[in-house]
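Enquirer: can't give you the sequence, but here's the structure:
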């Protein structure tokens, strides 16, 4: 066997061994079927919805035993953080506070829990997956569940009744004035759905969405030799380019193919694609 074939066989053996190893199995579970939000459009009726603050943290699903990311990776939280959580599925955000997204992102990706920083984390719970009840009854159940648990870092995301656009605008302004990310709208009679749904809407002054990096577009002029823009595949299968918002570091070393990123945009084009898309950040849980 020549050197090239020997190395190829070695790589295959190591790869198969790793992906079948109990170490990897212990850190990955099937991706949880979470309810995902659509972006609210100004002409949409908000009758029958409640509103709550949108926390800029890391989405975390509690399966009754582990905290999981959207991709199913087990979050290495300290045992003291999870041992007193209710033994029922919960959906929420791990949050460190306003303007601290990068810190919480790094924390949940760490294989060794930073005990000191975890003391500052709260689990902001906003739904109860797998319940057959409509949202307004799931919310009442959450109130009782969290009060009974009496865990300092387990928090209920407060829901407010919204009757008209003026109330929504005022609440959005209040949230953004204190540095918050935006507002969530939840249809009161909706059932929990493990997919993107119009029953859950996000409201922000600047809209955002996500896509997966599938290619790099070479730069020109000053950007020659670097990445000019990222080609993204959106969740609906369509593709867009995102170049604005990339700094020189990202242009020299762009996010790996297959990485999910968040981008900001302002409204939609006539064909329904995001207008003026610009890079915001790499999603931490993909």
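Expert: That came through fine. Since we're looking at a predicted model, the values are computed, not measured.
Enquirer: Could you report the separation of the residue nearest to the spatial centre of the chain from residue 135?
Expert: For the chain, residue 59 is the residue whose C-alpha lies nearest the centre (Cα atoms, centre = their mean; 4.7 Å). Residue 59 is 18 Å from residue 135, where distance means Cβ to Cβ, to the nearest Å. C-beta: built from backbone N, CA, C; applies to glycine.
Enquirer: Let me see the mean pLDDT of the strand or helix carrying the residue nearest to the centre of the chain.
Expert: When elements are assigned from DSSP states H and E, residue 59 belongs to strand 58-62. Strand 58-62 comes out with an average pLDDT of 96.
Enquirer: Which strands or helices does that strand pack on?
Expert: Secondary-structure packing of strand 58-62 (3 or more Cβ pairs under 8 Å, 6 or more residues apart in numbering; DSSP states H and E): strand 67-68, strand 90-95, helix 101-109.
Enquirer: So what are the sheet partners of that strand and their directions?
Expert: Strand 58-62 has the following strand partners under DSSP bridges: strand 67-68 (antiparallel), strand 90-95 (antiparallel).
Enquirer: about what we covered before: which one of the helices and strands packed on strand 58-62 has the lowest average pLDDT?
Expert: In terms of average pLDDT, helix 101-109 trails the rest of these, at a mean of 91.
Enquirer: Return the distance of the helix or strand following that helix from the chain's centre.
Expert: Next along the chain after helix 101-109, taking DSSP H and E as the criterion, comes helix 115-118. Centre-to-centre, helix 115-118 and its host chain are 21 Å apart (Cα atoms, centre = their mean, to the nearest Å).
Enquirer: Do a quick rundown of the strands in the stretch 51-200 of the chain.
Expert: In the stretch 51-200 of the chain, the strands defined using DSSP state E, counting those that start in this stretch lie at 58-62, 67-68, 90-95, 122-127, 154-156, 160-161, 182-187, 196-203.
Enquirer: Could you dump those strands into JSON lines with distance to residue 29 added?
Expert: What follows is those, written out as JSON lines (distance: least, Cβ to Cβ, whole Å):
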{"stretch": "strand 58-62", "distance to residue 29": "9"}
{"stretch": "strand 67-68", "distance to residue 29": "6"}
{"stretch": "strand 90-95", "distance to residue 29": "15"}
{"stretch": "strand 122-127", "distance to residue 29": "18"}
{"stretch": "strand 154-156", "distance to residue 29": "21"}
{"stretch": "strand 160-161", "distance to residue 29": "34"}
{"stretch": "strand 182-187", "distance to residue 29": "26"}
{"stretch": "strand 196-203", "distance to residue 29": "21"}
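Enquirer: Of all the ones you listed, which one comes closest to residue 260?
Expert: Nearest of the strands of the stretch 51-200 of the chain to residue 260, taken as Cβ to Cβ: strand 58-62 at 12.0 Å.
Enquirer: got a list of contacts for that closest one?
Expert: The contact list for strand 58-62, computed with Cβ atoms under 8 Å, 6 or more residues apart in numbering, reads 32, 34, 67-70, 75, 82, 85, 89-94, 104-105, 108, 123, 129, 284-285.
Enquirer: Any buried residues in stretch 109-122, and which?
Expert: 113, 118, 121-122 (16 or more other Cβ atoms under 10 Å).
Enquirer: Name the next helix or strand downstream of the worst-scoring helix or strand of the chain on mean pLDDT, please.
Expert: For the chain, counting by mean pLDDT, DSSP states H and E, helix 22-25 ranks last in confidence among helices and strands (a mean of 41). Per DSSP H and E, the first helix or strand lying C-terminal to helix 22-25 is strand 36-39.
Enquirer: Adjacent strands (with direction) for that next one?
Expert: Strand 36-39 sits in its sheet next to strand 196-203 (parallel), going by DSSP bridges.
Enquirer: Just want the angle from the strand it pairs with to strand 122-127.
Expert: What separates the directions of strand 196-203 and strand 122-127 is an angle of 130 degrees, with axes from the mean of the first three to the mean of the last three Cα atoms, to 10 degrees.
Enquirer: what angle sits between strand 196-203 and strand 182-187?
Expert: Using the same axes, to 10 degrees, strand 196-203 lies at 140 degrees relative to strand 182-187.
Enquirer: what's in contact with strand 196-203?
Expert: Here strand 196-203 makes contact (Cβ under 8 Å, 6+ apart) with 35-40, 44, 49, 51, 54, 135, 168, 172, 182-187, 190, 193, 235.
Enquirer: ok, now stretch 246-254?
Expert: Contact partners of stretch 246-254, identified using Cβ under 8 Å, 6+ apart, comprise 213, 216, 219, 223, 226-230, 279.
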